[in-house]
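Visitor: Pasting the sequence and the predicted coordinates here, then a few questions.
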Amino acid sequence: MPPEGCQVSVIAPPDNFPVKRFTQEAELLEEGYESGRTRGWEFLRELPGQRDSLPSIE
């Protein structure tokens, strides 16, 4: 349990995520990396006061 006043957010892949524990196919790994990166930036942009202060990921 987090300390009082602390909020934990989980950024998780979708259920149909193609990358598994032993995936070695470079194309799938790149797809997984980009998916995680995009979801992380989307999460950060939704934080109060962050929408216009973060750099573009494109």
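Guide: Received it, and whenever you're ready, just let me know what you need.

Visitor: all helices for the protein, in order.
Guide: 26-45 (DSSP state H).

Visitor: pLDDT below threshold where in it?
Guide: Residues of the chain that meet the criterion pLDDT under 70 lie in 50-58.

Visitor: got the buried residues for stretch 20-35?
Guide: By 16 or more other CB atoms under 10 Å, the buried positions in stretch 20-35 come out as G32. C-betas here are computed from N, CA, C, even on glycine.

Visitor: what does stretch 30-49 give?
Guide: Residues G32 are the ones in stretch 30-49 that count as buried (16+ other CB under 10 Å).

Visitor: hey, C-alpha coordinates of it in CSV?
Guide: Taking C-alpha atoms only, stretch 30-49 is exported to CSV below (Å, rounded to 0.1, in the frame of the first residue of the first chain):
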residue,chain,number,x,y,z
GLU,A,30,9.8,-2.4,-31.7
GLU,A,31,6.0,-2.3,-31.8
GLY,A,32,5.9,-3.1,-28.1
TYR,A,33,8.4,-0.4,-27.3
GLU,A,34,6.5,2.2,-29.3
SER,A,35,3.2,1.2,-27.7
GLY,A,36,4.6,1.7,-24.2
ARG,A,37,6.3,4.9,-25.1
THR,A,38,3.1,6.3,-26.6
ARG,A,39,1.0,5.2,-23.6
GLY,A,40,3.5,6.7,-21.2
TRP,A,41,3.5,10.1,-22.9
GLU,A,42,-0.3,10.1,-23.1
PHE,A,43,-0.5,9.5,-19.4
LEU,A,44,2.0,12.3,-18.7
ARG,A,45,0.1,14.7,-20.9
GLU,A,46,-3.1,14.1,-18.9
LEU,A,47,-1.4,15.2,-15.6
PRO,A,48,-2.6,18.6,-14.4
GLY,A,49,-0.4,21.4,-15.9
